[in-house]
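Participant: okay, here's the prediction I keep looking at, along with the sequence it came from:
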Amino acid sequence: MATKLTLAPVAPRDLGRIRGLPRARNHATKFPSRLQKSARVAKSGLRRWQEAQPAPAAPKNPEVRIKATKPTERQFAKLRAIARSTSTTEVLNQRMSQDSFLGTLYSALTTYEYMQLEAEYKSRKASNRSAATVEAEWAAIQKAAQGAFAAAGLKAVSPGQLSAFSKALRANPANRDAIIKIANTGVIGASARLRSGFTATATFVPTVAKLIDRLPDLTPIPDLCSRPFAEGSFTRHFGSSVSLSVRITYWCPTWTNPFRTCTKTVTVAGVSWNVGVSVGYRVSCCGATVWGQGTAQACATIVGVRLCASCTATITGVAGIARTPNGTNCNYGLGISVSLRCTLFGSTIFSASAPFGWTIAGPCPPAGLCR
């Protein structure tokens, strides 16, 4: 059995090998020349600075043309495992590429739609409705379902195969319930008619956020002002939960409108992530320069192609917030901006800014030193 993949920190020496990772740059600032009156003033200054930092613009992921997978109980089970997981890497653990993941999602949603109308067909047959009318309407629905699968590459699907797809979904109640749950998260954005030339597409929908931590890191540097600068590093950890969401266009019929398609955003799973950024610094009692980045990554080779899930953290800026008295010494407050990004198959699923505080405890600068 293959080892289960999890996001693992990438060693700093190996960061340069990761394609697309922004290079760590130096960011410099000076501490305020005036001594603030109290720690309360410094905290309010940090809070104002954090709130002023913008959330990132929503990334635009590419639209992917769907290649439907044959609906089977095994494929449905893979989708259920992903839906139940809290790991960003479960898609890779299920040995799925981007094409097979989106193709399975499309096939599962389309089969679920067919299964619902199949139940309505049986109900209508058992009623006092005109048998000829019911059969004609059902034939139109079957034709539309065939067209929906053909648009995603499964051509020449027979009515018997449609029934087999539905049976495979009903065979395992846990699979069925997981797919119903995914379908019920769908938020419709647009609808259209299934016509010749219809193209089934999907794209990952990123979550965009600003993460604010009110508790600053603290680093004592007793000889801060007795040498040109002090150097060092510390690690700042970030983590959160995010929805693995897909905007997908697929068949969404009603009995009276069998050729309807919908573009919906569905949530497949709620997943968690974490990543640490190694913050390098060079500080004096007059100012600071900081830099740093970090990556956690998991990769697998599927069908001869290397595919990865990863989360990165990169320092994008620094600001001198305050210098406050602390007995006979001073506390120096900095604000550090970090950009966070999580990707799956190269598409961004999470993008955030994370402005946090860093306090340095050390001696106050001699008069006239910092000009």
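Facilitator: Perfect, I can see it now.
Participant: show me what stretch 298-313 is in contact with.
Facilitator: Residues outside stretch 298-313 that contact it (Cβ atoms under 8 Å, 6 or more residues apart in numbering) are 5-8, 18, 21-22, 88-89, 91-92, 95-98, 236, 238, 273-277, 293-297, 338-346, 350, 354. Every C-beta, even on glycine, is put in place using the N, C-alpha and C of the backbone.
Participant: so Val268 touches Arg84, yeah?
Facilitator: No. At 10.5 Å, Val268 does not count as touching Arg84 under the criterion of Cβ atoms under 8 Å.
Participant: okay, these two: which has more neighbours?
Facilitator: Just comparing Val268 and Arg84: by other Cβ atoms under 10 Å the higher neighbour count belongs to Val268, 23 against 12.
Participant: kindly list the longest strand within the chain.
Facilitator: strand 260-283 (DSSP state E).
Participant: which other helices and strands does it contact?
Facilitator: helix 73-84, helix 98-126, helix 173-184, strand 187-193, strand 230-251, strand 287-302, strand 305-326, strand 329-344 (3 or more Cβ pairs under 8 Å, 6 or more residues apart in numbering; DSSP states H and E).
Participant: weakest of the ones you listed by average pLDDT?
Facilitator: Ranked by mean pLDDT, those end with strand 187-193 in last place, scoring a mean of 89.
Participant: pull up the pairing partners for that one, direction included.
Facilitator: Each strand that strand 187-193 pairs with, and the sense of that pairing, follows from DSSP bridges: strand 260-283 (antiparallel).
Participant: quick one: average pLDDT of the strand it pairs with?
Facilitator: Across strand 260-283, the average pLDDT comes to 95.
Participant: report the buried residues of stretch 240-250.
Facilitator: Across stretch 240-250, burial judged by 16 or more other Cβ atoms under 10 Å covers 240, 242-250.
Participant: chain center to it, what's the gap?
Facilitator: 8 Å (Cα atoms, centre = their mean, to the nearest Å).
Participant: contacts for that stretch?
Facilitator: The contact list for stretch 240-250 (Cβ under 8 Å, 6+ apart) reads 66, 82, 86, 88, 102, 105-106, 109-110, 113, 148, 189, 199-205, 207, 209, 211, 261-273, 342, 344, 349-350, 352.
Participant: got a quick PyMOL command for the buried subset of those?
Facilitator: Buried residues within the contacts of stretch 240-250, as defined by 16+ other Cβ under 10 Å, are selected in PyMOL through the command that follows:
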select buried, resi 66+82+88+102+105+106+109+110+113+148+200+201+202+203+204+205+207+209+211+261+262+263+264+265+266+267+268+269+271+273+342+344+349+350+352
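Participant: can you map out the strands along the stretch 1-150 of the chain?
Facilitator: 8-9, 27-30, 64-65 (DSSP state E, counting those that start in this stretch).
Participant: export those to TSV and tack on distance to Leu46 and mean pLDDT?
Facilitator: Formatted as TSV, the strands of the stretch 1-150 of the chain follow (distance: least, Cβ to Cβ, whole Å; pLDDT from 0 to 100):
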stretch	distance to Leu46	mean pLDDT
strand 8-9	28	92
strand 27-30	13	96
strand 64-65	42	96
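Participant: return the most buried member of these.
Facilitator: strand 64-65 (a mean of 16; mean count of other Cβ atoms under 10 Å).
Participant: same for that strand, what does it pack against?
Facilitator: On a contact count with 3+ Cβ pairs under 8 Å, 6+ apart, strand 64-65 meets helix 98-126, strand 201-205.
Participant: and of the ones you listed, who's closest to Asn175?
Facilitator: Evaluated with Cβ to Cβ, those place helix 98-126 nearest to Asn175, the distance being 8.6 Å.
Participant: just the angle between the closest one and strand 329-344, please?
Facilitator: For helix 98-126 and strand 329-344, the angle between their directions (axes from the mean of the first three to the mean of the last three Cα atoms, to 10 degrees) works out to 60 degrees.
Participant: what angle do helix 98-126 and helix 73-84 make?
Facilitator: Computed with the same axes, to 10 degrees, the direction of helix 98-126 lies at 110 degrees from that of helix 73-84.
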